[in-house]
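Engineer: Requesting a structural model of the entry that follows:
(one chain, ligands or ions: 1)
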Amino acid sequence: MAYNLLKGKKGIIFGALDEKSIAWLTAEKVSEEGGEFVLTNAPIAMRMGRIYELAEKCGSKVIPADATSLVDIGNLYKETEEILGGKIDFILHSIGMSPNVRKGRDYGDINYEWFLKTLDVSALSFHKVMQVAEKMDVMNEWGSIIALSYIAAQRTYPDYSDMAQAKAVLESIARSYGYRMARDKKVRVNTISQSPTVTTAGTGVTGFDIFHSFADKMSPLGNADAESCAEYIVAMFSDFTRMVTMQNLMHDGGFSNSGITHEIVDFLQGLEKSSSREK
Ligand SMILES: NC(=O)c1ccc[n+]([C@@H]2O[C@H](COP(=O)([O-])OP(=O)(O)OC[C@H]3O[C@@H](n4cnc5c(N)ncnc54)[C@H](O)[C@@H]3O)[C@@H](O)[C@H]2O)c1
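Structural biologist: A predicted model of the protein is given here:
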C-alpha cells in the first residue's frame, strides 16, 4: 500500500545495478510513493546491469556518472536540474566496491593501490557527492541524504577486509558533512547500517552465506531484507524524519544489540549433542 509520502519530492538514486540492488528496490518504492528521480551508476554498470529496464518502469532518466569523478557528479547535477526542473530533495548513495575483496586478497597481504580505490569508491565518493551538491547549491531546504553502511565499521568481520575501513570513513563523513549541511542548508545526512543482504556487492564477500545465516539467527526479528531497507529509506526521505541527522541508523532486526539469542543457543546445543554422539 502506498501513502504518497514523497509526493512532490525529487532526487537522485545512485547504485541500482540489478533487481537485487538495494537502490533498485528503493527506486521502485520511491516511485510508488510519488517521488521523481534520476537514476545513475558508473558507466561500466550501464553495460553490466539492467538500469534502463528500471528507468522505463519508473519513468526516469539515466545519467551515467562515476561517483569518484567530480566532473561526472557536476554534470549529473546539471542534467538532473534540467530533467526534474529545479533543485532536489533527496540523494541515495548506494555504492560500494573493494578490489581487494573482489579479488580475494588476504587482509595481511593487502594491495594498497586497491585499498585507496576501495576508500575512494566506497567512502570519499560520499564526500564528493555532498561537496559538489553544496557548491552547486542543488539541494532544497529540509532535504535528506542517505548512504548505506554495514556493522563491520564497528566490529571485525574477517573477510570484509578494507571495506570495514571504508564504512568507518563513510559513517564519519556523514557526521562531519551532516553538521555542515544542517547548519548551512537544513539538509539532513545519515547512514543506514543494513543487515547482510543477497546482492552483487553482498555475495562478493567470502563466507557471505555463513554470516548471512549467523546474522539471521542473531537478530530477534531476523535479517532486514532489501525491500524493508528500501522502505526505511523512503521514511528517511519523507517529512516525518526532518530532525534526524548525523546518525548511523541500525536497520538490522535487532542484531547490533543482541549478545546471544535462543536460536544460536539451540543451534550450538545441537552441534554439541551430535559431536558427543560421534565420540
Ligand atoms: N548487500 C549487503 O549485504 C550490504 C549490507 C550492508 C550495506 N550494504 C551497502 O549497500 C550499498 C549497495 O550495495 P548492494 O548490496 O545493493 O549491492 P550492488 O552491487 O547492487 O550495488 C553496489 C553499486 O555500487 C555501484 N558502483 C561501484 N563503483 C561505482 C562508481 N565508481 N561510481 C558509481 N557507482 C559505483 C555498482 O555499480 C553497484 O550498482 C553498498 O554501499 C553496500 O556496501 C550492502
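Engineer: So which bits of this protein are right by the ligand?
Structural biologist: Taking C-beta under 6 Å from any ligand atom as the test, the list of the chain residues beside the ligand reads 14-15, 17, 21-23, 41-42, 45, 66-68, 94-97, 121, 148-150, 194, 196-197, 199-202. Just so you know, the C-beta spots here come from the backbone N, C-alpha and C atoms, and that holds for glycine as well.
Engineer: State the distance from the residue nearest to residue 107 when sequence neighbours are not counted to residue 267.
Structural biologist: Distances taken as C-beta to C-beta, 6 or more residues apart in numbering put residue 161 closest to residue 107, at 5.1 Å, once the chain neighbours are dropped. To residue 267, residue 161 is 27 Å away according to C-beta to C-beta, to the nearest Å.
Engineer: circling back: among the residues of the chain next to the ligand, name the ones in helices.
Structural biologist: 22, 23, 45, 200, 201, 202 (DSSP state H).
Engineer: wait, which of those is closest to residue 247?
Structural biologist: residue 22 (18.1 Å; C-beta to C-beta).
Engineer: where's residue 189, which helix or strand?
Structural biologist: Using DSSP states H and E, residue 189 falls within strand 188-194.
Engineer: What is that strand packed up against?
Structural biologist: strand 139-149, helix 163-185, helix 226-237, strand 248-251 (3 or more C-beta pairs under 8 Å, 6 or more residues apart in numbering; DSSP states H and E).
Engineer: Could you export these as TSV, including mean neighbour count and mean pLDDT?
Structural biologist: Putting those into TSV (neighbours: other C-beta atoms under 10 Å; pLDDT from 0 to 100) gives the following:
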stretch	mean neighbour count	mean pLDDT
strand 139-149	22	98
helix 163-185	19	98
helix 226-237	20	98
strand 248-251	19	98
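Engineer: so can I have a markdown table of these showing distance to residue 131?
Structural biologist: Shown next, in a markdown table, are the helices and strands packed on strand 188-194 (distance: least, C-beta to C-beta, whole Å):
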| stretch | distance to residue 131 |
| --- | --- |
| strand 139-149 | 12 |
| helix 163-185 | 8 |
| helix 226-237 | 21 |
| strand 248-251 | 20 |
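Engineer: residues touching whichever residue of the stretch 101-250 of the chain sits closest to the ligand, list them.
Structural biologist: Per C-beta to the nearest ligand atom, residue 202 is where the stretch 101-250 of the chain lies closest to the ligand, at 2.6 Å. When contacts are counted by C-beta atoms under 8 Å, 6 or more residues apart in numbering, residue 202 touches 196, 208, 212.
Engineer: I'd like those residues written out as a markdown table, with neighbour count added.
Structural biologist: A markdown table is the format used below for the contacts of residue 202 (neighbours: other C-beta atoms under 10 Å):
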| residue | neighbour count |
| --- | --- |
| 196 | 24 |
| 208 | 18 |
| 212 | 17 |
